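Trainee: Let's see this in three dimensions:
(2 chains)
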Amino acid sequence: MSHSDHDHEHDPEHDHGHPGGSRFSEVELRVKALESLLVDKGVVDPAALDRLVDSYEHRIGPRNGARVVARAWTDPAYRQRLQRDATGAIAELGYSGAQGEHMVVVENTPSVHNLVVCTLCSCYPWPVLGLPPVWYKSNAYRSRAVIDPRGVLRDFGLELGDEVEVRVWDSTAEIRYLVLPERPAGTEDLSEAQLAELVTRDSMVGVAKASPPPGGKQ
Amino acid sequence: MNGVHDMGGMHGFGAVQPERDEPVFHHDWEKKVFALRFACGALGKWNIDMARHANERMPPAEYLAATYYERWLNGLERLLLERGVVTRRELEAGRSDAPLPAEDRARVLRTGAVDGVLAAGRNYRVDEDVAARFAAGMAVIARNAHPAGATRLPRYARGRRGVVERDHGVFIFADASAAGGRKPQHLYSVRFRARELWGEAASPSDAVYLDLWDDYLDPAEAV
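Mentor: Have a look, this model is predicted:
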(Lines give C-alpha, C1' and ligand atoms only; values in the text may rest on other atoms or scores of the structure.)
Protein backbone atom coordinates (compact mmCIF):
# COMPACT_ATOMS: atom_id res chain seq x y z
CA MET A 1 0.00 0.00 0.00
CA SER A 2 1.52 3.31 -1.03
CA HIS A 3 -0.75 5.33 1.26
CA SER A 4 -1.34 4.81 4.93
CA ASP A 5 -4.92 4.67 6.13
CA HIS A 6 -4.44 8.00 7.71
CA ASP A 7 -3.50 9.82 4.52
CA HIS A 8 -6.37 8.20 2.77
CA GLU A 9 -9.02 8.84 5.36
CA HIS A 10 -8.14 12.49 5.63
CA ASP A 11 -7.88 13.26 1.96
CA PRO A 12 -11.34 13.56 0.46
CA GLU A 13 -9.81 14.19 -2.96
CA HIS A 14 -7.88 10.94 -2.90
CA ASP A 15 -10.08 8.71 -5.02
CA HIS A 16 -13.47 10.32 -5.17
CA GLY A 17 -12.66 13.69 -6.63
CA HIS A 18 -15.00 16.01 -8.42
CA PRO A 19 -15.81 14.45 -11.78
CA GLY A 20 -16.93 16.75 -14.55
CA GLY A 21 -16.09 19.85 -12.54
CA SER A 22 -19.01 19.31 -10.15
CA ARG A 23 -18.88 21.05 -6.79
CA PHE A 24 -19.58 17.71 -5.18
CA SER A 25 -17.49 14.54 -4.96
CA GLU A 26 -18.87 11.21 -6.09
CA VAL A 27 -19.56 10.08 -2.53
CA GLU A 28 -21.29 13.36 -1.69
CA LEU A 29 -23.57 12.97 -4.70
CA ARG A 30 -24.34 9.38 -3.75
CA VAL A 31 -25.27 10.37 -0.20
CA LYS A 32 -27.41 13.27 -1.41
CA ALA A 33 -29.30 10.96 -3.77
CA LEU A 34 -29.85 8.40 -1.02
CA GLU A 35 -31.02 11.02 1.45
CA SER A 36 -33.46 12.53 -1.09
CA LEU A 37 -34.89 9.12 -1.82
CA LEU A 38 -35.32 8.16 1.85
CA VAL A 39 -36.89 11.48 2.81
CA ASP A 40 -39.12 11.46 -0.29
CA LYS A 41 -40.26 7.91 0.45
CA GLY A 42 -40.97 8.70 4.09
CA VAL A 43 -38.35 6.27 5.45
CA VAL A 44 -36.56 8.93 7.51
CA ASP A 45 -37.57 12.14 9.25
CA PRO A 46 -35.02 14.89 8.37
CA ALA A 47 -35.33 16.52 11.79
CA ALA A 48 -34.53 13.18 13.44
CA LEU A 49 -31.34 12.95 11.36
CA ASP A 50 -30.25 16.37 12.64
CA ARG A 51 -31.05 15.34 16.20
CA LEU A 52 -28.92 12.18 15.86
CA VAL A 53 -25.92 14.11 14.58
CA ASP A 54 -26.31 16.81 17.20
CA SER A 55 -26.45 14.18 19.95
CA TYR A 56 -23.00 12.83 19.07
CA GLU A 57 -21.47 16.21 18.26
CA HIS A 58 -22.58 17.89 21.48
CA ARG A 59 -24.05 15.56 24.08
CA ILE A 60 -22.57 12.07 23.90
CA GLY A 61 -18.77 12.08 24.02
CA PRO A 62 -15.70 11.31 26.14
CA ARG A 63 -16.57 13.88 28.82
CA ASN A 64 -19.20 11.34 29.92
CA GLY A 65 -16.61 8.64 30.43
CA ALA A 66 -14.31 11.11 32.17
CA ARG A 67 -17.01 11.74 34.78
CA VAL A 68 -17.33 8.00 35.37
CA VAL A 69 -13.57 7.66 35.86
CA ALA A 70 -13.29 10.68 38.16
CA ARG A 71 -16.15 9.34 40.28
CA ALA A 72 -14.44 5.94 40.50
CA TRP A 73 -11.20 7.64 41.61
CA THR A 74 -12.91 9.52 44.42
CA ASP A 75 -15.64 7.14 45.59
CA PRO A 76 -14.53 3.60 46.52
CA ALA A 77 -18.11 2.35 46.79
CA TYR A 78 -18.83 3.61 43.27
CA ARG A 79 -15.67 1.94 42.02
CA GLN A 80 -16.88 -1.36 43.49
CA ARG A 81 -20.25 -1.00 41.79
CA LEU A 82 -18.44 -0.24 38.54
CA GLN A 83 -16.52 -3.48 38.89
CA ARG A 84 -19.57 -5.53 39.75
CA ASP A 85 -22.11 -3.99 37.35
CA ALA A 86 -20.53 -1.40 35.05
CA THR A 87 -23.70 -0.84 33.01
CA GLY A 88 -25.69 0.00 36.14
CA ALA A 89 -22.99 2.15 37.72
CA ILE A 90 -22.54 4.14 34.49
CA ALA A 91 -26.32 4.60 34.22
CA GLU A 92 -26.26 6.18 37.73
CA LEU A 93 -24.52 9.15 36.07
CA GLY A 94 -27.09 9.24 33.28
CA TYR A 95 -25.23 7.42 30.51
CA SER A 96 -26.77 4.39 28.85
CA GLY A 97 -28.04 2.90 25.63
CA ALA A 98 -26.90 2.42 22.07
CA GLN A 99 -23.54 0.64 21.86
CA GLY A 100 -23.14 0.63 25.62
CA GLU A 101 -25.89 -1.78 26.60
CA HIS A 102 -23.53 -4.26 28.25
CA MET A 103 -20.53 -2.52 29.75
CA VAL A 104 -17.42 -3.92 31.41
CA VAL A 105 -14.79 -1.69 33.05
CA VAL A 106 -11.18 -2.91 33.12
CA GLU A 107 -8.78 -1.30 35.59
CA ASN A 108 -5.21 -0.29 34.95
CA THR A 109 -2.76 -0.85 37.80
CA PRO A 110 1.03 -0.47 38.10
CA SER A 111 1.34 -4.04 36.78
CA VAL A 112 -1.58 -4.30 34.28
CA HIS A 113 -2.32 -2.09 31.29
CA ASN A 114 -5.55 -2.58 29.30
CA LEU A 115 -6.14 -1.71 25.66
CA VAL A 116 -9.47 -1.91 23.78
CA VAL A 117 -9.93 -2.72 20.09
CA CYS A 118 -12.48 -4.20 17.71
CA THR A 119 -10.58 -6.11 15.03
CA LEU A 120 -13.70 -7.16 13.10
CA CYS A 121 -15.43 -3.77 12.74
CA SER A 122 -15.08 -0.80 15.08
CA CYS A 123 -17.21 -1.53 18.16
CA TYR A 124 -16.78 1.23 20.74
CA PRO A 125 -18.66 2.28 23.90
CA TRP A 126 -20.69 5.19 22.51
CA PRO A 127 -22.56 6.35 25.66
CA VAL A 128 -19.31 7.03 27.52
CA LEU A 129 -16.88 7.88 24.68
CA GLY A 130 -19.08 9.04 21.80
CA LEU A 131 -18.27 7.96 18.25
CA PRO A 132 -14.79 6.51 17.66
CA PRO A 133 -11.93 8.57 16.21
CA VAL A 134 -10.55 7.74 12.76
CA TRP A 135 -7.45 6.03 14.14
CA TYR A 136 -9.58 3.58 16.17
CA LYS A 137 -11.41 2.58 12.96
CA SER A 138 -8.23 2.44 10.84
CA ASN A 139 -6.92 -0.73 9.30
CA ALA A 140 -3.61 -0.05 11.09
CA TYR A 141 -5.13 -0.05 14.58
CA ARG A 142 -7.54 -2.93 13.99
CA SER A 143 -4.78 -5.15 12.58
CA ARG A 144 -1.95 -4.32 14.97
CA ALA A 145 -3.55 -3.83 18.38
CA VAL A 146 -3.79 -7.59 18.97
CA ILE A 147 -0.45 -8.73 17.51
CA ASP A 148 1.71 -5.75 18.48
CA PRO A 149 -0.01 -3.82 21.28
CA ARG A 150 3.27 -2.44 22.63
CA GLY A 151 4.15 -1.12 19.18
CA VAL A 152 0.76 0.56 18.92
CA LEU A 153 1.26 2.14 22.34
CA ARG A 154 4.65 3.46 21.15
CA ASP A 155 2.82 5.10 18.20
CA PHE A 156 0.98 7.06 20.91
CA GLY A 157 4.19 7.81 22.79
CA LEU A 158 3.60 5.31 25.59
CA GLU A 159 6.44 2.91 26.38
CA LEU A 160 5.65 0.18 28.92
CA GLY A 161 8.22 -1.92 30.74
CA ASP A 162 8.37 -5.73 30.63
CA GLU A 163 7.07 -5.88 34.20
CA VAL A 164 3.70 -4.57 32.97
CA GLU A 165 1.22 -7.09 31.57
CA VAL A 166 -0.64 -5.75 28.53
CA ARG A 167 -4.22 -7.02 28.19
CA VAL A 168 -5.93 -6.40 24.87
CA TRP A 169 -9.73 -6.58 24.77
CA ASP A 170 -11.06 -7.46 21.30
CA SER A 171 -14.75 -6.43 21.27
CA THR A 172 -16.08 -9.43 19.35
CA ALA A 173 -19.62 -9.46 20.85
CA GLU A 174 -21.99 -6.89 22.40
CA ILE A 175 -19.88 -6.30 25.50
CA ARG A 176 -18.29 -2.84 25.41
CA TYR A 177 -15.14 -2.03 27.34
CA LEU A 178 -14.04 1.11 29.15
CA VAL A 179 -10.54 1.37 30.59
CA LEU A 180 -10.27 2.85 34.08
CA PRO A 181 -6.87 4.54 33.92
CA GLU A 182 -4.66 4.95 36.98
CA ARG A 183 -5.19 8.12 38.96
CA PRO A 184 -2.14 10.33 38.35
CA ALA A 185 0.20 11.10 41.23
CA GLY A 186 -0.06 14.51 42.87
CA THR A 187 -3.84 14.79 42.45
CA GLU A 188 -4.85 14.23 46.08
CA ASP A 189 -6.17 17.79 46.45
CA LEU A 190 -8.13 17.96 43.20
CA SER A 191 -11.91 17.93 43.11
CA GLU A 192 -13.86 15.35 41.15
CA ALA A 193 -14.51 17.93 38.41
CA GLN A 194 -10.80 18.82 38.24
CA LEU A 195 -9.89 15.14 38.07
CA ALA A 196 -12.30 14.61 35.17
CA GLU A 197 -10.28 17.19 33.21
CA LEU A 198 -7.28 14.83 33.33
CA VAL A 199 -9.19 11.91 31.87
CA THR A 200 -8.67 11.87 28.11
CA ARG A 201 -10.52 9.78 25.58
CA ASP A 202 -7.26 8.00 24.73
CA SER A 203 -6.71 7.03 28.37
CA MET A 204 -10.14 5.35 28.43
CA VAL A 205 -9.35 3.33 25.28
CA GLY A 206 -5.99 2.45 26.80
CA VAL A 207 -3.59 4.04 24.30
CA ALA A 208 -2.49 6.64 26.86
CA LYS A 209 -2.36 7.31 30.59
CA ALA A 210 -4.47 9.98 32.25
CA SER A 211 -2.87 13.43 31.99
CA PRO A 212 -0.68 14.69 34.84
CA PRO A 213 -2.16 17.51 36.92
CA PRO A 214 -1.49 21.08 35.79
CA GLY A 215 2.02 22.03 36.85
CA GLY A 216 2.74 18.47 37.93
CA LYS A 217 4.79 15.81 36.26
CA GLN A 218 4.40 12.08 35.99
CA MET B 1 -16.72 -15.39 6.44
CA ASN B 2 -12.97 -15.24 5.87
CA GLY B 3 -13.09 -11.61 4.77
CA VAL B 4 -10.62 -8.74 4.84
CA HIS B 5 -12.69 -7.20 7.65
CA ASP B 6 -11.12 -9.88 9.89
CA MET B 7 -7.92 -7.85 10.27
CA GLY B 8 -6.49 -8.91 13.60
CA GLY B 9 -2.82 -9.78 13.15
CA MET B 10 -2.41 -8.56 9.57
CA HIS B 11 0.77 -6.69 8.67
CA GLY B 12 1.46 -3.83 6.31
CA PHE B 13 -0.99 -1.09 7.30
CA GLY B 14 1.71 1.06 8.85
CA ALA B 15 1.69 3.13 12.01
CA VAL B 16 -1.44 4.28 13.82
CA GLN B 17 -1.70 8.01 13.23
CA PRO B 18 -3.81 9.90 15.73
CA GLU B 19 -5.17 13.28 14.70
CA ARG B 20 -4.96 16.15 17.17
CA ASP B 21 -8.29 17.80 18.08
CA GLU B 22 -10.16 15.52 15.73
CA PRO B 23 -13.76 16.56 14.95
CA VAL B 24 -16.56 14.01 15.45
CA PHE B 25 -17.21 14.09 11.69
CA HIS B 26 -14.83 15.29 8.96
CA HIS B 27 -17.45 15.98 6.26
CA ASP B 28 -21.15 16.75 6.13
CA TRP B 29 -21.78 13.63 4.07
CA GLU B 30 -20.37 11.53 6.93
CA LYS B 31 -22.96 13.03 9.27
CA LYS B 32 -25.67 12.08 6.79
CA VAL B 33 -24.44 8.52 6.41
CA PHE B 34 -24.24 8.05 10.17
CA ALA B 35 -27.74 9.44 10.77
CA LEU B 36 -29.36 7.69 7.79
CA ARG B 37 -27.93 4.38 8.84
CA PHE B 38 -29.06 4.77 12.44
CA ALA B 39 -32.53 6.01 11.49
CA CYS B 40 -33.05 3.23 8.92
CA GLY B 41 -31.94 0.66 11.48
CA ALA B 42 -34.78 1.81 13.75
CA LEU B 43 -37.29 0.54 11.17
CA GLY B 44 -36.49 -2.97 12.39
CA LYS B 45 -35.87 -4.43 8.92
CA TRP B 46 -32.48 -5.78 10.03
CA ASN B 47 -30.52 -6.31 13.22
CA ILE B 48 -26.98 -5.32 14.19
CA ASP B 49 -25.46 -8.61 13.05
CA MET B 50 -27.10 -8.34 9.62
CA ALA B 51 -25.84 -4.76 9.43
CA ARG B 52 -22.26 -5.76 10.23
CA HIS B 53 -22.39 -8.60 7.75
CA ALA B 54 -23.62 -6.20 5.05
CA ASN B 55 -20.43 -4.16 5.54
CA GLU B 56 -18.29 -7.30 5.46
CA ARG B 57 -19.66 -8.28 2.06
CA MET B 58 -18.29 -5.18 0.37
CA PRO B 59 -15.82 -6.47 -2.28
CA PRO B 60 -12.49 -6.91 -0.44
CA ALA B 61 -10.36 -4.55 -2.53
CA GLU B 62 -13.02 -1.84 -2.17
CA TYR B 63 -13.37 -2.49 1.55
CA LEU B 64 -9.66 -2.00 2.17
CA ALA B 65 -9.55 1.24 0.18
CA ALA B 66 -12.75 2.70 1.67
CA THR B 67 -13.07 4.94 4.70
CA TYR B 68 -15.30 3.93 7.60
CA TYR B 69 -18.33 5.91 6.48
CA GLU B 70 -17.92 4.79 2.87
CA ARG B 71 -18.23 1.22 4.21
CA TRP B 72 -21.33 2.28 6.14
CA LEU B 73 -22.82 3.81 3.00
CA ASN B 74 -22.13 0.70 0.94
CA GLY B 75 -23.61 -1.52 3.66
CA LEU B 76 -26.70 0.69 4.03
CA GLU B 77 -27.47 0.59 0.31
CA ARG B 78 -27.05 -3.19 0.37
CA LEU B 79 -29.40 -3.56 3.38
CA LEU B 80 -32.07 -1.27 1.92
CA LEU B 81 -32.09 -3.27 -1.31
CA GLU B 82 -31.90 -6.72 0.24
CA ARG B 83 -34.60 -6.04 2.80
CA GLY B 84 -36.88 -4.53 0.17
CA VAL B 85 -37.06 -1.03 1.64
CA VAL B 86 -36.06 0.53 -1.69
CA THR B 87 -35.74 -0.79 -5.23
CA ARG B 88 -32.66 -0.67 -7.43
CA ARG B 89 -34.50 1.72 -9.72
CA GLU B 90 -35.27 4.08 -6.83
CA LEU B 91 -31.70 3.95 -5.58
CA GLU B 92 -30.28 4.79 -8.99
CA ALA B 93 -32.76 7.61 -9.61
CA GLY B 94 -32.68 9.02 -6.07
CA ARG B 95 -36.47 9.30 -6.30
CA SER B 96 -39.28 7.36 -4.69
CA ASP B 97 -41.64 5.31 -6.87
CA ALA B 98 -43.95 4.42 -3.98
CA PRO B 99 -44.26 5.61 -0.36
CA LEU B 100 -43.16 3.45 2.55
CA PRO B 101 -45.95 0.88 3.23
CA ALA B 102 -48.42 1.97 5.91
CA GLU B 103 -47.40 -0.82 8.30
CA ASP B 104 -43.82 0.47 8.33
CA ARG B 105 -44.65 4.14 8.75
CA ALA B 106 -45.37 3.83 12.46
CA ARG B 107 -41.79 2.66 13.00
CA VAL B 108 -40.09 5.64 11.35
CA LEU B 109 -37.77 7.32 13.86
CA ARG B 110 -39.21 10.74 14.75
CA THR B 111 -37.26 13.62 16.27
CA GLY B 112 -39.03 13.38 19.59
CA ALA B 113 -38.11 9.72 19.92
CA VAL B 114 -34.38 10.05 19.19
CA ASP B 115 -33.15 10.75 22.73
CA GLY B 116 -35.19 7.89 24.15
CA VAL B 117 -34.03 5.42 21.51
CA LEU B 118 -30.38 6.36 22.09
CA ALA B 119 -30.70 6.11 25.87
CA ALA B 120 -32.54 2.78 25.73
CA GLY B 121 -30.38 0.98 23.17
CA ARG B 122 -31.22 -2.64 22.58
CA ASN B 123 -30.93 -5.61 24.85
CA TYR B 124 -28.74 -8.43 23.55
CA ARG B 125 -28.87 -10.40 26.77
CA VAL B 126 -31.55 -13.07 26.87
CA ASP B 127 -33.45 -13.99 29.99
CA GLU B 128 -33.67 -17.68 29.20
CA ASP B 129 -32.47 -20.69 31.08
CA VAL B 130 -29.72 -22.05 28.83
CA ALA B 131 -27.10 -24.37 30.34
CA ALA B 132 -23.53 -23.07 30.36
CA ARG B 133 -20.97 -25.47 28.89
CA PHE B 134 -18.06 -23.72 30.58
CA ALA B 135 -17.23 -21.80 33.73
CA ALA B 136 -14.51 -19.37 34.80
CA GLY B 137 -11.12 -21.07 35.03
CA MET B 138 -11.85 -23.79 32.47
CA ALA B 139 -9.47 -24.39 29.57
CA VAL B 140 -11.04 -24.13 26.13
CA ILE B 141 -10.01 -24.31 22.50
CA ALA B 142 -11.59 -22.06 19.87
CA ARG B 143 -12.99 -24.15 17.05
CA ASN B 144 -11.21 -24.32 13.75
CA ALA B 145 -14.29 -23.45 11.71
CA HIS B 146 -14.59 -21.35 8.56
CA PRO B 147 -18.26 -20.52 8.02
CA ALA B 148 -19.04 -18.68 4.79
CA GLY B 149 -21.61 -16.53 6.58
CA ALA B 150 -21.26 -14.07 9.46
CA THR B 151 -19.16 -15.04 12.46
CA ARG B 152 -17.52 -13.14 15.31
CA LEU B 153 -14.75 -15.67 15.87
CA PRO B 154 -11.67 -14.03 14.33
CA ARG B 155 -9.29 -16.18 12.34
CA TYR B 156 -6.37 -15.39 14.62
CA ALA B 157 -8.03 -17.22 17.53
CA ARG B 158 -9.26 -20.33 15.70
CA GLY B 159 -7.62 -23.50 16.93
CA ARG B 160 -6.00 -21.61 19.83
CA ARG B 161 -6.26 -22.51 23.49
CA GLY B 162 -7.43 -20.12 26.17
CA VAL B 163 -8.99 -19.97 29.61
CA VAL B 164 -12.48 -18.75 30.44
CA GLU B 165 -12.11 -15.57 32.46
CA ARG B 166 -15.82 -14.93 33.11
CA ASP B 167 -19.29 -15.97 32.01
CA HIS B 168 -21.18 -12.90 30.72
CA GLY B 169 -24.51 -14.77 30.76
CA VAL B 170 -26.88 -15.75 27.95
CA PHE B 171 -26.80 -13.63 24.79
CA ILE B 172 -28.24 -13.77 21.29
CA PHE B 173 -25.71 -15.64 19.12
CA ALA B 174 -24.30 -13.35 16.41
CA ASP B 175 -23.90 -16.04 13.73
CA ALA B 176 -27.57 -17.07 14.08
CA SER B 177 -28.79 -13.49 14.43
CA ALA B 178 -27.10 -12.45 11.18
CA ALA B 179 -29.10 -15.19 9.45
CA GLY B 180 -32.40 -14.15 11.05
CA GLY B 181 -32.34 -16.55 14.03
CA ARG B 182 -31.38 -16.21 17.72
CA LYS B 183 -29.90 -19.41 19.19
CA PRO B 184 -29.26 -17.81 22.60
CA GLN B 185 -26.31 -19.23 24.52
CA HIS B 186 -23.65 -18.31 27.06
CA LEU B 187 -21.05 -15.76 26.12
CA TYR B 188 -17.67 -15.85 27.82
CA SER B 189 -14.63 -13.64 28.13
CA VAL B 190 -11.75 -15.94 27.13
CA ARG B 191 -8.12 -15.10 27.84
CA PHE B 192 -5.50 -16.18 25.28
CA ARG B 193 -1.81 -15.78 26.06
CA ALA B 194 -0.12 -13.62 23.43
CA ARG B 195 2.38 -16.43 22.76
CA GLU B 196 -0.42 -18.93 22.15
CA LEU B 197 -1.74 -16.64 19.42
CA TRP B 198 1.44 -15.19 17.94
CA GLY B 199 4.31 -17.50 18.85
CA GLU B 200 7.49 -17.05 20.80
CA ALA B 201 8.22 -13.55 19.52
CA ALA B 202 5.26 -12.22 21.53
CA SER B 203 5.63 -10.94 25.06
CA PRO B 204 5.45 -13.76 27.64
CA SER B 205 3.26 -11.68 29.96
CA ASP B 206 0.71 -10.23 27.53
CA ALA B 207 -2.74 -11.59 26.68
CA VAL B 208 -5.70 -10.99 24.38
CA TYR B 209 -9.27 -11.39 25.63
CA LEU B 210 -12.13 -12.22 23.26
CA ASP B 211 -15.86 -12.54 23.91
CA LEU B 212 -16.83 -15.95 22.56
CA TRP B 213 -20.06 -17.96 22.57
CA ASP B 214 -20.48 -21.63 23.49
CA ASP B 215 -20.73 -22.60 19.82
CA TYR B 216 -17.18 -21.32 19.22
CA LEU B 217 -15.58 -23.39 21.96
CA ASP B 218 -14.55 -26.92 22.88
CA PRO B 219 -13.06 -28.15 26.14
CA ALA B 220 -9.25 -28.33 26.15
CA GLU B 221 -6.44 -29.68 28.26
CA ALA B 222 -5.12 -26.97 30.58
CA VAL B 223 -2.73 -24.58 28.80
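Trainee: hey, where'd the helices end up in chain A?
Mentor: Applying DSSP state H to chain A gives helices spanning A:5-9, A:26-41, A:46-54, A:62-74, A:76-84, A:86-92, A:126-129, A:134-137, A:139-147, A:149-155, A:192-196, A:201-205.
Trainee: Can you tell me which helices and strands the second one packs against?
Mentor: When contacts are defined as 3 or more Cβ pairs under 8 Å, 6 or more residues apart in numbering or on different chains; DSSP states H and E, helix A:26-41 sits against helix B:28-41, helix B:68-82, helix B:88-93. The way it works is simple: take the backbone N, C-alpha and C, and place the C-beta from them, glycine included.
Trainee: Just give me the neighbour total for the residue nearest to residue B:25 when sequence neighbours are not counted.
Mentor: Among residues not flanking residue B:25 along the chain, residue B:31 sits closest, at 4.8 Å (Cβ to Cβ, 6 or more residues apart in numbering or on different chains). The tally of other residues near residue B:31 (other Cβ atoms under 10 Å in any protein chain shown) stands at 21.
Trainee: so residue B:31 sits right up against residue A:53, yeah?
Mentor: Yes. With contacts counted by Cβ atoms under 8 Å, residue B:31 reaches residue A:53, the gap being 4.5 Å.
Trainee: quick one: common contacting residues for these two?
Mentor: When contacts are counted by Cβ atoms under 8 Å, 6 or more residues apart in numbering or on different chains, the set common to residue B:31 and residue A:53 consists of residue B:25.
Trainee: so residue A:55 makes contact with residue B:115?
Mentor: Yes. Between residue A:55 and residue B:115 there is a contact under Cβ under 8 Å: 7.2 Å.
Trainee: These two: which has the busier surroundings?
Mentor: Comparing residue A:55 with residue B:115 by other Cβ under 10 Å, the one with more neighbours is residue A:55, at 21 against 14.
Trainee: ok, the more buried one to chain B distance?
Mentor: 6 Å (Cβ to the nearest Cβ, to the nearest Å).
Trainee: what's that residue in contact with, if anything?
Mentor: Neighbour list for residue A:55: B:114, B:115, B:118 [criterion: Cβ under 8 Å, 6+ apart].
Trainee: can you tell me which of these are up against chain A?
Mentor: B:114, B:115, B:118 (Cβ under 8 Å from any Cβ of the partner chain).
Trainee: Narrow these to those in helices?
Mentor: Counting by DSSP H, those contribute B:114, B:115, B:118 to helices.
Trainee: show me the contacts for the last one.
Mentor: In other words, residue B:118. The contact partners of residue B:118, by Cβ under 8 Å, 6+ apart, come to A:52, A:55, A:60, A:97, A:98.
Trainee: Leaving out sequence neighbours, find the closest residue to the fourth one.
Mentor: Nearest residue to residue A:97 in three dimensions, chain neighbours excluded: residue B:121, at 3.8 Å (Cβ to Cβ, 6+ apart).
Trainee: Please apply the same query to the third one.
Mentor: Take residue A:60 and drop its neighbours on the chain: the residue closest to it by Cβ to Cβ, 6+ apart is residue A:130, 5.2 Å away.
Trainee: Quick check, that neighbour in contact with residue A:58.
Mentor: No. Between residue A:130 and residue A:58 there is no contact under Cβ under 8 Å: 9.9 Å.
Trainee: Would you confirm that the residue nearest to residue A:97 contacts residue A:96?
Mentor: Yes. Residue B:121 lies in contact with residue A:96 (Cβ under 8 Å); the separation is 6.8 Å.
Trainee: Now do the shared contacts for those two.
Mentor: Contact criterion Cβ under 8 Å, 6+ apart; residues shared by residue B:121 and residue A:96: residue A:127.
Trainee: Residue A:114 versus residue A:137, what's the distance?
Mentor: From residue A:137 over to residue A:114 the distance is 19 Å, taken as Cβ to Cβ, to the nearest Å.
Trainee: circling back: contacting residues for the residue nearest to residue A:60?
Mentor: So residue A:130 contacts A:56, A:60, A:61, A:62, A:64, A:201, B:24 (Cβ under 8 Å, 6+ apart).
Trainee: Residue A:212 and residue A:186 touch, don't they?
Mentor: Yes. Using Cβ under 8 Å, residue A:212 is in contact with residue A:186, at 7.2 Å.
Trainee: For chain B, which segments are assigned as helices?
Mentor: Going by DSSP H, chain B shows helices at B:28-41, B:48-56, B:60-65, B:68-82, B:88-93, B:102-105, B:111-120, B:174-178, B:194-198.
Trainee: could you dump those to a markdown table with mean pLDDT?
Mentor: Output for those, formatted as a markdown table (pLDDT from 0 to 100):
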| stretch | mean pLDDT |
| --- | --- |
| helix B:28-41 | 98 |
| helix B:48-56 | 98 |
| helix B:60-65 | 97 |
| helix B:68-82 | 98 |
| helix B:88-93 | 97 |
| helix B:102-105 | 95 |
| helix B:111-120 | 98 |
| helix B:174-178 | 98 |
| helix B:194-198 | 98 |
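Trainee: what's the neighbour count on residue A:33?
Mentor: For residue A:33, using other Cβ under 10 Å, the count is 16.
Trainee: Residue A:121 contacts residue B:52, doesn't it?
Mentor: Yes. At 5.5 Å, residue A:121 counts as touching residue B:52 under the criterion of Cβ under 8 Å.
Trainee: Contacts only, for the one residue sitting closest to the centre of chain B.
Mentor: The centroid of chain B falls nearest to residue B:52 when counting by Cα atoms, centre = their mean (4.6 Å). Going by Cβ under 8 Å, 6+ apart, residue B:52 touches A:120, A:121, B:150, B:178.
Trainee: rewinding a little: mind picking the one among the contacts of residue A:130 that's closest to residue A:108?
Mentor: residue A:201 (15.0 Å; Cβ to Cβ).
Trainee: what about that closest one, how many neighbours?
Mentor: 20.
Trainee: Look up the closest residue to it, ignoring the ones flanking it.
Mentor: Nearest one to residue A:201, counting by Cβ to Cβ, 6+ apart, is residue A:62 at 3.8 Å.
Trainee: want to try JSON lines for the helices and strands packed on helix A:26-41, with distance to residue A:178 as columns?
Mentor: Formatted as JSON lines, the helices and strands packed on helix A:26-41 follow (distance: least, Cβ to Cβ, whole Å):
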{"stretch": "helix B:28-41", "distance to residue A:178": "22"}
{"stretch": "helix B:68-82", "distance to residue A:178": "21"}
{"stretch": "helix B:88-93", "distance to residue A:178": "38"}
